[in-house]
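S.K.: Here is my input, please return the structure:
(chains A and B)
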2 protein chains.
Amino acid sequence: MIDARKRALAKTLSWRGAAIVLLGFVTYLLTNDIKTVTYVTLFYHTLQLVVFFLHERVWNHVKWGKTKGLFIQMTGLSGSGKTTLSRAVAKKLINEGYKVELMDGDEYRTELCRDLGFSKEDRNSNIRRLGFVGKVLARNNVIAIMATINPYEEIRKEIKELGPFVKTVYMECDLDTLISRDPKGLYRRALSGDIKNFTGISDPFECPEHPDLIINTADESLEESAERMYRFILKETDN
Amino acid sequence: MIDARKRALAKTLSWRGAAIVLLGFVTYLLTNDIKTVTYVTLFYHTLQLVVFFLHERVWNHVKWGKTKGLFIQMTGLSGSGKTTLSRAVAKKLINEGYKVELMDGDEYRTELCRDLGFSKEDRNSNIRRLGFVGKVLARNNVIAIMATINPYEEIRKEIKELGPFVKTVYMECDLDTLISRDPKGLYRRALSGDIKNFTGISDPFECPEHPDLIINTADESLEESAERMYRFILKETDN
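M.R.: Purely as a prediction, here's the structure:
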């Protein structure tokens, strides 16, 4: 994102304010002569006003040092904490000024994938479409986080091959723990056959072979996991 | 997009270079005393080094003045110049440092819409999916340009209602002119029945009722149209 012209102008002015006070202070300390202070300060700062503005405009055209986009494909069973963790991490990143798109839940299913069910083929089509959006976002310098179950290794590999900007984060959590937690009662309903195609019960979940980051929410607190994933993203987006 | 820490540091240093030369020059002109020049310059610039870096970091957290995202839905018959114009405009914007996503052609159809044909319903589903991606991009400060035929007013209105960041650009060109140009021979094949569901021949094209910008490539050159659309986008993305 470039700075708009008037933003560069406002930065120029706010910076001048700080600089005038500093130079006046320093010149007076060294010369004790209020006339010299006035001359040096006025002349110097008028010149600087122009040069700083140009300097800002030039830097707007320099790409070096801008943060890169990233596409995180999460994977993990229902209830393993993908959405909760993603939200916590997204909040930290947004506070720092990053652009973050959290790709989960109903919005994406309704808008992009309302024709798809929960067969293996349909799940893979779902991931493929979201993967395409993630790629488009990442190439536009956004940090996209896809917080879906994403159960099949084959499609995860396909997504991984979209480019070096794709990172896989595995939410590791054993089934017994999830069944014992089960705050929404989903596992209970899946075990009784009330929900079909439920990943981990009546549908497979393949553990990822080479995740870039493993998070185990049974072992660490949400704050610790969020901090770890946040650091991981900062490292990966740095040029 | 925020600036990374080391980018802020490099800007600090490049700025210092310019400033040291300027202050030395000004102080010498006014005092003719090389000792004062040395003291003022050294002390002042050491202080400034710190303050400028902090100033940069503070501005990275200020959202004001950053350019906004935008989602342009183009509309116009095949051969009216949507893609050509979009590419020319995108090039100008990218040169200025903007993030631009050109949503047209095979990539989007293959990745997001391979299940869709050319019935009215399928065309609308296609626009709806692309529209969703355009919305996601615009809310992440990207300028997304959807260069599809987009023939139905009903779906254009639906896209328009996604938010104030949506603008409609109409490529106005009468059918006779397009048929007489027809560089790819598409109209000839459509008229002979060789291509079915061809917009303007065997499929309807509804003129947009309230486009935000009308481009008539019969009346003006590509350079003029591109300049006009570029100015339009700059105006709309400015905060």
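
S.K.: Check whether residue A:83 sits in a helix, strand or coil.
M.R.: With DSSP: H, G, I helix; E, B strand; the rest coil as the basis, residue A:83 sits in helix.

S.K.: any idea how far chain B is from it?
M.R.: 17 Å (C-beta to the nearest C-beta, to the nearest Å). Every residue, glycine included, has its C-beta placed from N, CA and C.

S.K.: hang on, isn't that residue packed against residue A:104?
M.R.: Yes - between residue A:83 and residue A:104 there is a contact at 5.4 Å, judged by C-beta atoms under 8 Å.

S.K.: Which residue ranges make up each domain of chain A?
M.R.: A:5-60, A:70-237 (automatic domain parsing).

S.K.: Could you see whether chain B lies near the first one?
M.R.: Yes - using C-beta under 8 Å from any C-beta of the partner chain, domain A:5-60 reaches chain B at A:6-8, A:10-11, A:14-15, A:18-19, A:22-23, A:26-27, A:29-31, A:36, A:39-40, A:43-44, A:47-48, A:51-52, A:55, A:59-60.

S.K.: Give me the mean pLDDT for that domain.
M.R.: What domain A:5-60 shows for mean pLDDT is 82.

S.K.: try stretch A:183-199
M.R.: pLDDT averaged over stretch A:183-199 gives 92.

S.K.: re the thing from before, so what sits against both of residue A:83 and residue A:104?
M.R.: Listed as contacting both residue A:83 and residue A:104 by C-beta atoms under 8 Å, 6 or more residues apart in numbering or on different chains are residue A:147.

S.K.: Can I get the buried part of the residues of domain A:5-60 next to chain B as one ChimeraX selection?
M.R.: This is the ChimeraX syntax for the buried subset of the residues of domain A:5-60 next to chain B, where burial follows 16 or more other C-beta atoms under 10 Å in any protein chain shown:
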select /A:7,8,10,11,15,19,22,23,26,27,30,31,36,39,40,43,44,48,52,55,59,60
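
S.K.: Counting only helices, which of the residues of domain A:5-60 next to chain B make the cut?
M.R.: A:6-8, A:10-11, A:14-15, A:18-19, A:22-23, A:26-27, A:29-31, A:36, A:39-40, A:43-44, A:47-48, A:51-52, A:55, A:59-60 (DSSP state H).

S.K.: OK, contacts around residue A:79?
M.R.: Residues near residue A:79 by C-beta under 8 Å, 6+ apart: A:173, A:178, A:181, A:182, A:183, A:184, A:186, A:187.

S.K.: Turn those into JSON lines, including distance to chain B.
M.R.: Shown next, in JSON lines, are these (distance: C-beta to the nearest C-beta, whole Å):
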{"residue": "A:173", "distance to chain B": "29"}
{"residue": "A:178", "distance to chain B": "30"}
{"residue": "A:181", "distance to chain B": "32"}
{"residue": "A:182", "distance to chain B": "32"}
{"residue": "A:183", "distance to chain B": "29"}
{"residue": "A:184", "distance to chain B": "27"}
{"residue": "A:186", "distance to chain B": "27"}
{"residue": "A:187", "distance to chain B": "31"}
